[in-house]
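*Asks:* show me how the following folds:
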Amino acid sequence: MSLITFPFILAVVIGFPIMIGVYVYRDAERRRMNATLWTLVAIFTPGLTGFIIYLLVRGDYPGLR
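*Replies:* Residues are numbered from 1 along each chain as shown. Now for the predicted structure:
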């Protein structure tokens, strides 16, 4: 592994779950859902399964109407 690819792989492995977690936490708070629970589900479920489940079951956003 070269010195250029290692930081990129490390950023993807660590950065991508953090970005998903921040998005899910903020979105769940706006939708008045349990933000901490959904963030943990989205981050620790393998293969983006938790994030996809969150997107499917999230509630309505009251500000959209």
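*Asks:* next, residue 6: phi, psi?
*Replies:* phi -60, psi -50 (degrees, to the nearest 10).
*Asks:* what's the most centrally placed residue in the chain in contact with, if anything?
*Replies:* Centroid-nearest residue in the chain: residue 20, 2.5 Å away (criterion: C-alpha atoms, centre = their mean). Going by C-beta atoms under 8 Å, 6 or more residues apart in numbering, residue 20 touches 42, 43, 48, 51. (Each C-beta comes from the backbone N, C-alpha and C, glycine too.)
*Asks:* tell me the contacts of the first one?
*Replies:* Just to be clear, that refers to residue 42. Contacts of residue 42 (C-beta under 8 Å, 6+ apart): 20, 21, 24, 50, 51, 54.
*Asks:* so which of these belong to helices?
*Replies:* 20, 21, 24, 50, 51, 54 (DSSP state H).
*Asks:* take these and lay them out in a markdown table including distance to residue 33 and pLDDT.
*Replies:* Output for the ones in helices among the contacts of residue 42, formatted as a markdown table (distance: C-beta to C-beta, whole Å; pLDDT from 0 to 100):
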| residue | distance to residue 33 | pLDDT |
| --- | --- | --- |
| 20 | 15 | 94 |
| 21 | 14 | 95 |
| 24 | 9 | 96 |
| 50 | 14 | 94 |
| 51 | 14 | 94 |
| 54 | 9 | 94 |
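*Asks:* hmm, residue 45 is touching residue 53, no?
*Replies:* Yes. Residue 45 lies in contact with residue 53 (C-beta atoms under 8 Å); the separation is 7.4 Å.
*Asks:* identify each buried residue in the helix or strand containing residue 38, please.
*Replies:* Taking DSSP states H and E as the criterion, the element that holds residue 38 is helix 35-44. Of all the residues in helix 35-44, those buried under the rule 16 or more other C-beta atoms under 10 Å are 35, 38, 39, 41, 42, 43.
*Asks:* same deal with stretch 52-65?
*Replies:* residue 54.
*Asks:* tell me the spacing between residue 39 and residue 49.
*Replies:* Residue 39 is 14 Å from residue 49, where distance means C-beta to C-beta, to the nearest Å.
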